[in-house]
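**Student:** My questions concern the predicted model and sequence given below.
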Amino acid sequence: MFCLKNNKKGITRNVLFALITTLVAFFIIIFVIMSIWGKADDNLNEATCRASVLSRVKSTLNIGPIKVAFPLRCKTQEKNALVGNKDAIMEQISYMSAKCWWMFLNGEYQNLFDRADFLNNNKCFTCYTFTVEPDIKITSEELMEYMASHYYIETEEAKVTYLDYIQSYKGDGAVLIGENTIITGKKETPYSINFLSPDTTFIGELWDSIVSFFSGDNSDKEMNRIYIDELQGLSTDCIYLESI
């Protein structure tokens, strides 16, 4: 009997030691990687962000009620006035949109921001901000048409348009452009390209059901999205995350 009690205590100590060791190792890895990423050149921002998102979805620890998530290392990149004619500007906006989608793992995972909110289950992070030349004028219809007819991937094996890359290449997604948005340099407010990630947990879906019931909006809100609009006063319904 005495030996049995000792064995139980020994097992408990071993489990506790393994748990503490795992947590310490986890935080050491985070510290080292964050130190390295903190010195990264601006040209590596996209790869840094994607790597941190991948680390989050692959290495989040769940210890009973405690959840330890890998920190995201993404920051908004400010692009000054985009240069070129209308097609060149639309190409740059389309490329940044696809790159933002790529940074967040092509929409294959939900709940990436891991922030609960009972009043709004959509979270937005701004990947890029930009302005254009004053004489440029691009409507939302023109930009969507460009993204639907020009290739982001063009190889012998595959040809994928910017729009298809976001909508169905790997994860299902959508491109949203602010209602009545016209991209022009005549406005003082810069424009932004955002990644929108919904909360698909039980609470998030319950809140969406309540909102849909009263608003009559039955659109699919479970997929991730790329959202393009003016930086100030985003017209989509989401919580804007300034840093993650």
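**Tutor:** That came in fine, so what should we check first? Residues are numbered from 1 along each chain as shown.
**Student:** ok, so what distance separates residue 134 from residue 188?
**Tutor:** Here residue 134 is placed at a distance of 11 Å from residue 188 (CB to CB, to the nearest Å). The C-beta positions use only the backbone N, C-alpha and C, and glycine is treated the same way.
**Student:** Look at these two and report which has more neighbours.
**Tutor:** residue 134 (11 against 8; other CB atoms under 10 Å).
**Student:** contacting residues for that one?
**Tutor:** Going by CB atoms under 8 Å, 6 or more residues apart in numbering, residue 134 touches 184, 185, 186.
**Student:** go on, residue 184?
**Tutor:** 132, 134, 136, 137, 138.
**Student:** That one pairs with what?
**Tutor:** Going by DSSP bridges, residue 184 is paired in beta bridges with residue 137.
**Student:** Which pLDDT value belongs to it?
**Tutor:** On the pLDDT scale, residue 184 is placed at 93.
**Student:** now for the strand of greatest length in the chain, which elements pack on it?
**Tutor:** Longest strand of the chain, by residue count under DSSP state E: strand 122-132. On a contact count with 3 or more CB pairs under 8 Å, 6 or more residues apart in numbering; DSSP states H and E, strand 122-132 meets strand 77-82, helix 86-103, strand 191-198, strand 239-241.
**Student:** and residue 109, which of the ones you listed is closest to it?
**Tutor:** Closest approach to residue 109 among the helices and strands packed on strand 122-132 is made by strand 191-198 (8.5 Å; CB to CB).
**Student:** Could you list every helix and strand in contact with that closest one?
**Tutor:** By 3+ CB pairs under 8 Å, 6+ apart, strand 191-198 packs against helix 86-103, strand 122-132, strand 224-230.
**Student:** Reformat the ones you listed as TSV; add mean pLDDT.
**Tutor:** Output for the helices and strands packed on strand 191-198, formatted as TSV (pLDDT from 0 to 100):
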stretch	mean pLDDT
helix 86-103	97
strand 122-132	90
strand 224-230	93
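**Student:** Between those, which one is closest to residue 160.
**Tutor:** Of the helices and strands packed on strand 191-198, the one closest to residue 160 (CB to CB) turns out to be helix 86-103, at 9.3 Å.
**Student:** Out of the contacts of residue 134, flag the one nearest to residue 77.
**Tutor:** Lowest distance from residue 77 to these (CB to CB) belongs to residue 185, with 19.0 Å.
**Student:** tell me the contacts of that closest one?
**Tutor:** Residue 185 touches 81, 131, 132, 133, 134, 135, 136, counting by CB under 8 Å, 6+ apart.
**Student:** which one is it nearest to, not counting chain neighbours?
**Tutor:** residue 134 (3.8 Å; CB to CB, 6 or more residues apart in numbering).
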